[in-house]
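Undergrad: Predicted model and sequence below, questions to follow.
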Amino acid sequence: LRKDGLLFTQMYASGARTDQGLVSILSGFPAQPNNTIIATPSKAEKLPSLDTELGKKGYQSSFYYGGDVEFSNMKSYLLNTHFEKIIDKNNFDKDQLNSKWGAHDEFVFLKQLDGLKNEKQPFFSVVLSLSTHEPFDVPMQTPFNGGEEQERFKKAAYYTDYCLYNYFTEAKKQSWYNNTLFILIADHGHHLPMNRNMDTPEGHRITAMITGGALADNMRGKTFDKISNQNDLPATILGILKLPHGNFVWSKDLFKENIKEFAYY
């Protein structure tokens, strides 16, 4: 994927929880130290969102998650930002609910691909993976099969990479692949497997990449090395599409010339 995409080498998460990361990525809103804004629906419903802005341009929207979308008020946030289709653990067969949290990544990724076969274009679809979450139990053997937490973390990461490989193998066969951008981004950093100090920048540095058939050829195999925040994603994506993004006041278009590089957490 790295050879075919644009890799962000200095992107940082603004928080340390999934509910914080979700709001940072979709609404460009930075995390708060001791809370998350989606715990207060009266505030969260006033946030801008990528989904809302793309919906104005006719994009069909969907959100896929193998766990319980009611967790941490996520469903309220997703409904307030106008996601049209929301899929969670209740939409999977019982034999697919083989993780502590719900359905493992392989089933979630396949369900999204299957759903997109009937989706009207253009579409904006989000997948929230869950297999790389404690207790790091996954349904396959990997090179990392020790019982220590570090090894179990690596095993879970290996499994999700395996699922992503299969996902992109199938996605490339779809008619919509060539005019689609895929954004891979972590919700937050983790102290494992290197026992990082989560109070340091390294503890918040995350993986982020743009790939897919619609990515410009001159960006493939390149890196974006400026310091950036995950909450810069909405302004950057809307900027690529030449759509206004002034209401995302905490988000900056990373591809704009002379942008000041910084990250907040």
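TA: Received the coordinates, thanks. Every value quoted in this text rests on a predicted model; they were computed, and no experiment measured them.

Undergrad: From here on, just use CA atoms for contacts and neighbour counts.
TA: Will do.

Undergrad: ranges for the helices of this structure?
TA: With DSSP state H as the definition, the chain shows helices at residue ranges 18-27, 41-44, 50-55, 74-80, 105-116, 149-171, 201-204, 233-240.

Undergrad: among those helices, which is the most enclosed?
TA: Scoring these by mean neighbour count under mean count of other C-alpha atoms under 10 Å gives helix 18-27 as the most buried, with a mean of 24.

Undergrad: I'd like the average pLDDT over it.
TA: For helix 18-27, mean pLDDT is 96.

Undergrad: What helices and strands are in contact with it?
TA: Where contact means 3 or more C-alpha pairs under 8 Å, 6 or more residues apart in numbering; DSSP states H and E, helix 18-27 is packed against helix 50-55, helix 233-240.

Undergrad: Of those, which is nearest Arg152?
TA: helix 233-240 (30.3 Å; C-alpha to C-alpha).

Undergrad: can you dump the C-alpha coordinates of the closest one into PDB?
TA: Written as PDB, here are the backbone C-alpha positions of helix 233-240 (Å, rounded to 0.1, in the frame of the first residue of the first chain):
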ATOM      1  CA  LEU A 233      -8.300  15.500   7.600                       C
ATOM      2  CA  PRO A 234     -11.600  17.200   6.900                       C
ATOM      3  CA  ALA A 235     -10.200  20.400   5.600                       C
ATOM      4  CA  THR A 236      -7.600  18.500   3.600                       C
ATOM      5  CA  ILE A 237     -10.200  16.200   1.900                       C
ATOM      6  CA  LEU A 238     -12.600  19.000   1.200                       C
ATOM      7  CA  GLY A 239      -9.700  21.000  -0.200                       C
ATOM      8  CA  ILE A 240      -8.800  18.200  -2.600                       C
END
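
Undergrad: That helix - what's its average pLDDT?
TA: Average pLDDT, helix 233-240: 96.

Undergrad: and the residue nearest to Val126 when sequence neighbours are not counted, what are its bridge partners?
TA: Residue nearest to Val126 in three dimensions, not counting chain neighbours: Phe63, with 4.7 Å by C-alpha to C-alpha, 6 or more residues apart in numbering. Beta-bridge partners for Phe63, by DSSP bridges, are Ile86, Val126.

Undergrad: Could you double-check that Phe63 lies in contact with Ile86?
TA: Yes: between Phe63 and Ile86 there is a contact under C-alpha atoms under 8 Å: 4.9 Å.

Undergrad: coming back round to it: now for the residue nearest to Val126: which residues touch it?
TA: Phe63 sits next to Phe83, Lys85, Ile86, Ile87, Ser125, Val126, Val127, Leu128 when contact means C-alpha atoms under 8 Å, 6 or more residues apart in numbering.
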